[in-house]
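Trainee: after the sequence you'll find the predicted model.
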Amino acid sequence: MRVRLHGFLFLSAAAVLMASPSWAGPPAGGGSDTIGSYVPTLERFYLRNSNTTGASDAGNFKYSVTAAAADEIPLTCDWNNDGIDTVGTYLPALERFFLRNSNSTGAADAGNFKYSVTAAVSDEATGVGDWNGDVTDTIGAYLPATERFFLRNSNTTGAADAGNFKYSVTAAPNDERPVLGDWNADGSTTIGAYLSATERFYLRDSNTTGAADAGNFKYSVTAAPDDERPVTGDWDGL
């Protein structure tokens, strides 16, 4: 499985990726993940083929859909089931995806569409995952105000055909962070919640409302609350 970082502060795209309103699940294509960097002010990717210090040998390019700087949110996933993660961008002001099938500058050849569940702009968090186990990543939206997921099985505008449900572990709105992963190794990405105040994960094995049947536990490395951010991934390849 791929590794994805999840930072859900719902800040502007000028923030770093870990603090952007995006969330992503692990594609089911297997292989090893390696690192990269994205500079918001340049809207430029620097990708590396090994988990070491060194040159950006997997890609050094700008991918941008507007003239303004730092107004887009980077995405990386396998949009066409070729086993390679490629880039995309999400424009919060338009709630629109621009997805690309190669790690290079160019047209959004994997998808150019709006996906929105409310009339307001910039009120949704966006994410990607393999919701149905077909080894292709597709998009979704999360509405913090209602703590509700809207998931789609194709990279197009349309109904939330992969899931439309609330998943919440407290009565208060906006106090949880969505997380995604394949918790049971069945090839499908499913949802979870992370409660920052208690630094606790609540994971679910299906994209539906229900109990945290894949995990309900605290994971913390400091004594202070709300100073950590959740990440998910297959660290051992099993």
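Mentor: Structure received. Note that this is a predicted model, so its numbers are computed, not measured.
Trainee: isn't residue 216 right next to residue 200, touching?
Mentor: Yes - at 7.5 Å, residue 216 and residue 200 qualify as touching, with contact defined as C-beta atoms under 8 Å. (C-beta placed from N, C-alpha, C; glycine too.)
Trainee: more neighbours: the two, which one.
Mentor: Neighbour count, other C-beta atoms under 10 Å: between residue 216 and residue 200, residue 200 has more, with 19 against 14.
Trainee: now for the more buried one: which residues touch it?
Mentor: 194, 216-219 (C-beta atoms under 8 Å, 6 or more residues apart in numbering).
Trainee: show me where pLDDT drops low in the protein?
Mentor: 1-31 (pLDDT under 70).
Trainee: again, only this time at 50
Mentor: Residues of the chain meeting the criterion pLDDT under 50: 1-21, 27-28.
Trainee: just to revisit the earlier point, now the contacts of residue 200 in JSON lines, with secondary structure and distance to residue 37?
Mentor: Shown next, in JSON lines, are the contacts of residue 200 (DSSP: H, G, I helix; E, B strand; the rest coil; distance: C-beta to C-beta, whole Å):
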{"residue": "194", "secondary structure": "strand", "distance to residue 37": "24"}
{"residue": "216", "secondary structure": "strand", "distance to residue 37": "34"}
{"residue": "217", "secondary structure": "strand", "distance to residue 37": "31"}
{"residue": "218", "secondary structure": "strand", "distance to residue 37": "31"}
{"residue": "219", "secondary structure": "coil", "distance to residue 37": "26"}
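Trainee: how about those in a markdown table, adding distance to residue 97?
Mentor: Converted to a markdown table, those look like this (distance: C-beta to C-beta, whole Å):
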| residue | distance to residue 97 |
| --- | --- |
| 194 | 24 |
| 216 | 32 |
| 217 | 33 |
| 218 | 34 |
| 219 | 31 |
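Trainee: show me which of those are buried.
Mentor: Buried members of those, counted by 16 or more other C-beta atoms under 10 Å: residue 194.
Trainee: what bridges to residue 140?
Mentor: Per DSSP bridges, the residues bridged to residue 140 are residue 127, residue 151.
Trainee: neighbours of it, how many?
Mentor: 30.
Trainee: do the one 4 residues further on as well
Mentor: Other residues near residue 144 number 18, with proximity taken as other C-beta under 10 Å.
Trainee: now residue 46
Mentor: Close neighbours of residue 46, defined as other C-beta under 10 Å, add up to 17.
Trainee: where do the helices sit along this protein?
Mentor: For the chain, no helices are identified by DSSP state H.
Trainee: so residue 75 makes contact with residue 100?
Mentor: No - checked against C-beta under 8 Å, the pair residue 75 and residue 100 is beyond contact range at 9.7 Å.
Trainee: distance between stretch 39-59 and the chain's centre?
Mentor: 19 Å (C-alpha atoms, centre = their mean, to the nearest Å).
Trainee: and the end-to-end length of that stretch?
Mentor: 13 Å (C-alpha to C-alpha, to the nearest Å).
Trainee: same deal with stretch 88-108?
Mentor: End-to-end distance for stretch 88-108, by C-alpha to C-alpha: 8 Å.
Trainee: start at 768 instead
Mentor: Will do, 768 is the new start, and the previous item becomes stretch 855-875.
Trainee: list the buried residues of that stretch.
Mentor: Using 16+ other C-beta under 10 Å as the test for burial, stretch 855-875 gives 855-859, 862-868, 870, 875.
Trainee: out of those residues, which comes closest to residue 885?
Mentor: Checking the buried residues of stretch 855-875 against residue 885 by C-beta to C-beta gives residue 862 as the nearest, at 8.7 Å.
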